[in-house]
Every structure is written in C-alpha cells, then in structure tokens.
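J.: Everything below, folded, please.
(one chain, ligands or ions: 2)
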Amino acid sequence: MPTATDDKYSRGVLGVRTGSERYPGAAVLGVEAAHRAGIGMVRYVGPPTPAGLVLAARPETVTSAGRVQAWLIGSGTDPADRTDAETAALRGILAEGVPVIVDAGALDLAAHAEVPLIVTPHAREHATLRRMLGLGATGDPALVGGVDDPDDHARRHAAAETARALDGVVVLKGSRTVVATPDGWTAVVDAGTPWLATAGTGDVLAGAIGAVVASTAEHGVAPALAAAAGVWLHGRAAALAAAEHGERGGPITALDVAANLPRAAGEALAAHA
Ligand SMILES: NC(=O)C1=CN([C@@H]2O[C@H](COP(=O)(O)OP(=O)(O)OC[C@H]3O[C@@H](n4cnc5c(N)ncnc54)[C@H](OP(=O)(O)O)[C@@H]3O)[C@@H](O)[C@H]2O)[C@@H](O)CC1
Ligand SMILES: Nc1ncnc2c1ncn2[C@@H]1O[C@H](COP(=O)(O)OP(=O)(O)O)[C@@H](O)[C@H]1O
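T.: Ligands and ions are numbered 1, 2, ... in the order given. Down below sits the predicted model:
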C-alpha cells in the first residue's frame, strides 16, 4: 500500500518486453494488467506495432529505457519468429540481476538464467519446458492435471521438479494454478473461474504477477509469494468480473479481468487491515 513518502519509483517499475507483429495484443493486455494491479511505472520496450497499441491504450506507459525492479518477457511472442538481436536482448535481461517473469515464447530461454526467475507455463508449455530440461515424460495425463488429479498431487510434484531443475519459481497455469519453488514448496491457488478459459487471460496474469513482483522485490518479499499473490489477484478479478453477470457468472474477456484487478486488490487489502 502506498504511503505519504512514496513516489512512482519507490512503488516499483516493471520493464515489459512482450508482443510481436504476430501477437501485438498480448503486449497491450500485460501492460494493462500491470497498471491495474498497482505499480509505480511500466516501461515498455517492444516492436513498433505493439508499442503503438500499448501507448494508445495506456499513455501512462513509458517507452524509454531506464532502471526497473523486475522484467516481464515472452507473452505474445513465438521463438520461431525471434531474431538473433532479440534473443541477445532477452538474454541480457536474463543476466541483468532483477527478477524476470518469463512467459510463453521466451520459456525456451529460461534455463541457465542467473536471475530470480518466475516462469508461467500452461500445461503444454510446461511439457515442452520439461522436455528441454531433460525431465520426465509429459504425455502422462497426471502431469497435465485436471479431473484425474483432484488434489493436484501430480501437478505439484511435476511443477516442483521443474522448479528445481530451473532453479526458479514455476507458476503452472490451469483451472487451479500451482506455484512451486526449487526447494519443494508448493501452493495451489483456486481463486479463479472457468470463465477464465478465454484468449489473453494468461497475458493478463503475467502482467499482474509482474506488477506484484516489481512492487515488492525491494521489500524482501519472496518471488514465489509475490507470484502466488498475483495469481490470486488475477483469479479473484476474474471471479468478480464473471459475477457481474448473475449467480452463475457470465462471459468475461481478458480486459474485463484486468479491469477488476483494482477491486481484487482492494478486497485483499481490506482483509488484511
Ligand atoms: N491477443 C493476443 O495477442 C494473444 C496472444 N497470445 C499469445 O499467443 C502465443 C501462443 O500461445 P498459445 O498458448 O495460444 O499457443 P500454443 O501453446 O502454441 O498452443 C497452440 C495449441 O493449441 C491448439 N489449437 C489451436 N487451435 C485450436 C482449435 N481451434 N481447437 C483445438 N486446439 C487448437 C494447437 O493444436 P494444433 O493446431 O497444433 O493441432 C496447439 O496444440 C503466445 O505467445 C501467447 O502469449 C495468446 O495469449 C492469446 C491472445
Ligand atoms: N477452466 C479453467 N478454469 C479456471 N481458470 C482457467 C481455466 N482455463 C484457463 N484458466 C486460466 O486462464 C489463464 C489462461 O492462460 P493461457 O493458457 O496462457 O492463455 P492465453 O495464452 O490465451 O493468454 C490462466 O491463468 C489459467 O489458469
């Protein structure tokens, strides 16, 4: 919570390098979520098309380089389209020293990073990541999770194993989302709603986690706890958005989730007053 002595820098700055000519919208969604989740500043550095859309949607965003407390990379990108220069820039971010949230198309670069790392794969991306790390087969339905894994035992085990191999925090997305650390700690966050199963909500999640990590990194909050808080805010925001449509909820968009992040944050603050 901001105090009288805070300014935009002390509240945390998130650097965002996401989006591409193919998926420009993902950049808009992540930046929107970061602003809505409570952050001092977002610095966006990405290709021209997403950069233009980001500024049109959120003129608050700063597009010049500068110091950040955390980075978000990968949402809305495909490694097959990545240039050598872009790979070098991402590797630079992964060596800079501040925590990095690695999503979607940057997950292939996550191994060997020397910074505090939070990766945010969905089940298919998790399977690919595990293959890259030389970990066990992912065709096993138990590793994908779902109905056959009601207490998320297999997903928690697999996520912790991946976290250990990566030496980073794993946020394994799904109908319930598992957060796992290299030392074997796991948490399952069940704040969401099946209405979240719609395009772009993962990009919003990455932005929300980025905001919480950037705003807490210099206050000694462990990245895994910040990530779990981001997952809760995202799920709760989705539940609030869906509940606006009646008792059984109703359709929501990724931007609806972002728009409800302030209400979810307000609820969390009130509960801990
Ligand atoms: N607004 C934006 O900019 C958004 C951008 N986004 C960005 O997109 C990028 C890719 O992320 P992703 O998770 O969507 O793709 P990915 O993990 O490669 O999985 C593809 C799998 O889906 C399957 N599949 C496809 N169509 C199907 C169908 N009709 N019915 C059934 N299955 C179908 C397909 O199967 P196949 O067609 O191969 O049989 C394959 O297995 C990522 O950078 C993300 O950030 C998204 O967040 C959305 C909003
Ligand atoms: N059936 C579901 N119930 C609850 N949450 C879900 C469900 N399906 C997906 N989600 C959540 O929605 C988000 C989807 O993210 P992701 O798969 O990366 O989609 P996208 O790439 O379109 O952004 C994740 O936060 C995930 O946990």
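J.: Where does pLDDT dip in the stretch 51-200 of the chain?
T.: For the stretch 51-200 of the chain, the stretches with pLDDT under 70 are 137-148.
J.: Around ligand 2, pick out the residues from it.
T.: 122, 173-175, 177, 192-194, 196-197, 199-200 (CB under 6 Å from any ligand atom). Placement of C-beta: from N, CA and C, glycine included.
J.: and with 8 Å instead?
T.: By CB under 8 Å from any ligand atom, the residues of the stretch 51-200 of the chain that approach ligand 2 are 75, 103-104, 120, 122, 125, 173-177, 192-200.
J.: Just the ones in strands from those residues, please.
T.: residue 177 (DSSP state E).
J.: Mind giving me the PyMOL select for the residues of the stretch 51-200 of the chain next to ligand 2, buried ones only?
T.: Buried members of those, defined by 16 or more other CB atoms under 10 Å, are picked up in PyMOL with:
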select buried, resi 75+103+104+120+122+125+173+174+176+177+192+193+195+196+200
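J.: Could you report the neighbour count for the residue in the stretch 101-250 of the chain positioned nearest to ligand 2?
T.: Ligand 2 sits closest to residue 202 of the stretch 101-250 of the chain, with a gap of 2.0 Å, by CB to the nearest ligand atom. Residues lying near residue 202 (other CB atoms under 10 Å) number 25.
J.: What of residue 96?
T.: 14.
J.: Need the phi and psi values for it.
T.: Note on residue 96: its backbone torsions stand at phi -70, psi -40 [degrees, to the nearest 10].
J.: wait, it sits on residue 71?
T.: Yes: taking CB atoms under 8 Å as the definition, residue 96 is a contact partner of residue 71 at 7.3 Å.
J.: For the strand or helix carrying the residue of the stretch 101-250 of the chain closest to ligand 2, give the mean pLDDT please.
T.: Taking DSSP states H and E as the definition, residue 202 sits inside helix 201-216. Average pLDDT, helix 201-216: 98.
J.: now for it, which elements pack on it?
T.: Applying 3 or more CB pairs under 8 Å, 6 or more residues apart in numbering; DSSP states H and E, we find helix 201-216 packed against strand 13-17, helix 24-37, strand 70-73, strand 100-102, helix 223-243, helix 254-259.
J.: Residue in the stretch 1-150 of the chain with the shortest distance to ligand 1?
T.: For the stretch 1-150 of the chain, CB to the nearest ligand atom, closest residue to ligand 1: residue 25, 2.9 Å.
J.: Could you tell me how far that residue is located from ligand 2?
T.: As judged by CB to the nearest ligand atom, to the nearest Å, residue 25 and ligand 2 stand 10 Å apart.
J.: what's the neighbour count on that residue?
T.: 18.
J.: For the stretch 51-200 of the chain, what lies in contact range of ligand 1?
T.: 74-78, 103-105, 122, 124-125, 199-200.
J.: From the centroid of the protein, which residue is nearest?
T.: Nearest to the mean C-alpha position of the chain, counting by CA atoms, centre = their mean, stands residue 206 at 2.0 Å.
J.: where along the stretch 51-200 of the chain do the helices fall?
T.: 84-93, 123-132, 141-144, 153-166 (DSSP state H, counting those that start in this stretch).
J.: thinking again about what came up before, list the contacts of the residue nearest to the centre of the chain.
T.: 18, 30, 33, 72, 74-75, 101, 103-104, 120 (CB atoms under 8 Å, 6 or more residues apart in numbering).
J.: of those, closest to residue 41?
T.: residue 72 (13.3 Å; CB to CB).
J.: I'd say that closest one and residue 212 touch.
T.: No: using CB under 8 Å, residue 72 is not in contact with residue 212; the gap is 11.2 Å.
J.: So for the two, which sits in the more crowded spot?
T.: More crowded of residue 72 and residue 212, by other CB under 10 Å: residue 72, with 36 against 31.
J.: partner residues bridging the more buried one?
T.: residue 16, residue 101 (DSSP bridges).
J.: dump the residue contacts of it.
T.: 14-18, 30, 34, 100-101, 103, 206-207, 209-210.
J.: Any chance of JSON lines for those residues, columns distance to residue 61?
T.: Output for those, formatted as JSON lines (distance: CB to CB, whole Å):
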{"residue": "14", "distance to residue 61": "10"}
{"residue": "15", "distance to residue 61": "11"}
{"residue": "16", "distance to residue 61": "8"}
{"residue": "17", "distance to residue 61": "13"}
{"residue": "18", "distance to residue 61": "12"}
{"residue": "30", "distance to residue 61": "11"}
{"residue": "34", "distance to residue 61": "9"}
{"residue": "100", "distance to residue 61": "19"}
{"residue": "101", "distance to residue 61": "17"}
{"residue": "103", "distance to residue 61": "18"}
{"residue": "206", "distance to residue 61": "16"}
{"residue": "207", "distance to residue 61": "11"}
{"residue": "209", "distance to residue 61": "18"}
{"residue": "210", "distance to residue 61": "13"}
